[in-house]
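K.L.:
starting from these lines, generate the structure:
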Amino acid sequence: MPVRVPDELPASTLLRAENIFVMSEQRAAEQDIRPLKLLILNLMPNKIETETQLLRLLGNTPLQVDVELLRIHHRPSKHTPCDHMDAFYRDFEEVKDRNYDGLIITGAPLGELEFEEVVYWDEIRTIIDWSQQHATSVLFLCWAAHAALYHLYQIKRQLRSDKISGVFQHQRVHQHVPLLRGFDDNFWVPHSRYAQVPLDWLYAHPELQVLAHANEAGAYLVLSNDNRNLFVTGHPEYTRTTLQDEYRRDLAAGLNPALPQNYFPNDDDTAQPLANWHAHGALLLSNWLNYYVYQATPYDLKALNC
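P.N.:
Predicted structure coming up:
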């Protein structure tokens with residue numbers, strides 16, 4: 001949240017130079033406040049687990065957020081009851097004429113498919129295009145990040161022969177960017193994917209800025225220059241056991257998965273995994289929601305597509 005200080009206080013100039021959010025007395029007096037409207041397009045098979053993970057992070061903020069859930073199709077899910085979907089999820093036709101302060105599009109277990117082979121690729125493209133006029137800021141997670149980079153900027157990912165799985169140390173590239181406010185120079189993030197976009201491709205794009213990356217996992221946080229689109233290639237929402245559950249699922253399926261890196265103490269998969277990314281995940285979602293949604297969105301959402 002912003003610090004409200006007298007307009008002429010010397011510290012305000014110094015703090016603004018460090019990109020610390022300082023609100024002037026005049027702006028604070030004129031500021032209108034209302035609940036934020038947030039839409040989540042959940043593409044993961046286990047909808048309830050993903051809902052819980054994201055809402056846990058979104059709940060770690062003093063802002064009041066009204067959340068709506070969106071589905072991409074009506075095909076039955078093996079992992080989520082139909083009653084749950086019908087009760088809590090909306091169809092795109094129901095929301096397409098509305099505006100939202102923020103939109104989150106989750107990852108999806110489609111890492112080895114070409115985008116055009118995905119059965120709902122046309123629907124994904126439609127929603128991405130719609131979001132550019134109907135949401136103040138959009139957060140794309142994992143598969144959705146690569147899909148949006150491809151659709152919006154024609155940056156194609158590269159499929160790997162091995163899966164990136166584990167918890168990796170990242171370095172922040174920019175010091176005074178609101179999204180990274182409060183971050184340490186180095187921090188840990190879980191990754192679980194088969195694809196990667198080369199760092200030099202992202203650095204070379206004039207409309208994008210890389211904010212954080214890891215030696216093993218590549219780019220992690222990529223932001224569009226207009227602050228509308230945030231691409232997050234990892235999983236800050238994962239719980240302590242999510243990678244463990246994925247690993248055991250793949251073992252049971254006979255896929256011979258590699259042990260997730262930097263995850264089990266002493267690489268002992270019978271030991272309780274080490275969770276060292278939860279603080280970062282909460283801070284990332286809080287910063288995005290505050291600086292790129294709450295502080296940027298109009299009070300009247302009708303103004304978004306004027």
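K.L.:
helices along the chain, start to end?
P.N.:
Taking DSSP state H as the test, the helices found in the chain are 10-17, 25-30, 47-58, 82-88, 92-95, 121-134, 143-153, 199-204, 242-252, 278-287.
K.L.:
residues near Leu243, how many?
P.N.:
Leu243: 24 surrounding residues under other C-beta atoms under 10 Å. To be clear about C-beta, it is placed using only N, CA and C from the backbone, and glycine gets the same treatment.
K.L.:
ditto for the one 10 residues further on
P.N.:
By other C-beta under 10 Å, the residues close to Ala253 number 9.
K.L.:
swap in Asp162?
P.N.:
8.
K.L.:
quick one, phi/psi of the nearest residue to it once chain neighbours are set aside?
P.N.:
Leaving aside its sequence neighbours, Asp162 sits nearest to Ala258 (C-beta to C-beta, 6 or more residues apart in numbering; 6.7 Å). In this entry, Ala258 is assigned phi and psi values of phi -70, psi 150 (degrees, to the nearest 10).
K.L.:
mind listing what Ala258 touches?
P.N.:
Asp162, Lys163, Ser165 (C-beta atoms under 8 Å, 6 or more residues apart in numbering).
K.L.:
show the pLDDT at the second one.
P.N.:
Same thing as Lys163. On the pLDDT scale, Lys163 is placed at 90.
K.L.:
how close does the residue nearest to Asp162 get to Leu57?
P.N.:
Taking C-beta to C-beta, to the nearest Å as the measure, Ala258 falls 27 Å from Leu57.
K.L.:
could you do Arg71 as well?
P.N.:
As judged by C-beta to C-beta, Arg71 and Leu57 stand 21 Å apart.
K.L.:
check Tyr150 too.
P.N.:
26 Å.
K.L.:
tell me which of the helices of the chain approaches Ser224 most closely.
P.N.:
helix 143-153 (8.0 Å; C-beta to C-beta).
K.L.:
kindly provide the distance from Phe92 to His174.
P.N.:
On the measure of C-beta to C-beta, Phe92 and His174 end up 35 Å apart.
K.L.:
please apply the same query to Gly111.
P.N.:
Taking C-beta to C-beta, one finds Gly111 at 28 Å from His174.
K.L.:
over to Glu123?
P.N.:
34 Å.
K.L.:
swap in Ala195?
P.N.:
Per C-beta to C-beta, Ala195 is found 25 Å from His174.
K.L.:
and for Asp66?
P.N.:
Asp66 is 31 Å from His174, by C-beta to C-beta.
K.L.:
which one of those two is surrounded by more residues?
P.N.:
Higher neighbour count among Asp66 and His174: His174, with 15 against 12, using other C-beta under 10 Å.
K.L.:
not including adjacent chain positions, what is the nearest residue to that one?
P.N.:
Closest residue to His174 apart from its sequence neighbours, by C-beta to C-beta, 6+ apart: Leu211 at 5.6 Å.
K.L.:
kindly tell me how buried that neighbour is, as a neighbour count.
P.N.:
Neighbour tally, Leu211, other C-beta under 10 Å: 21.
K.L.:
what residues are up against it?
P.N.:
Arg172, Val173, His174, Val177, Leu179, Leu180, Tyr220, Leu221, Val222, Leu223.
K.L.:
surely the last one touches Val232?
P.N.:
Read it as Leu223. No. When contacts are counted by C-beta atoms under 8 Å, Leu223 is not listed as touching Val232 (9.8 Å).
K.L.:
so between the two, which is more surrounded?
P.N.:
Using other C-beta under 10 Å as the criterion, Leu223 and Val232 rank with Val232 on top: 27 against 24.
K.L.:
the more buried one bridge partners, please.
P.N.:
Leu141, Leu221 (DSSP bridges).
K.L.:
relative to Asp269, how far out is it?
P.N.:
Here the distance between Val232 and Asp269 works out to 27 Å (C-beta to C-beta).
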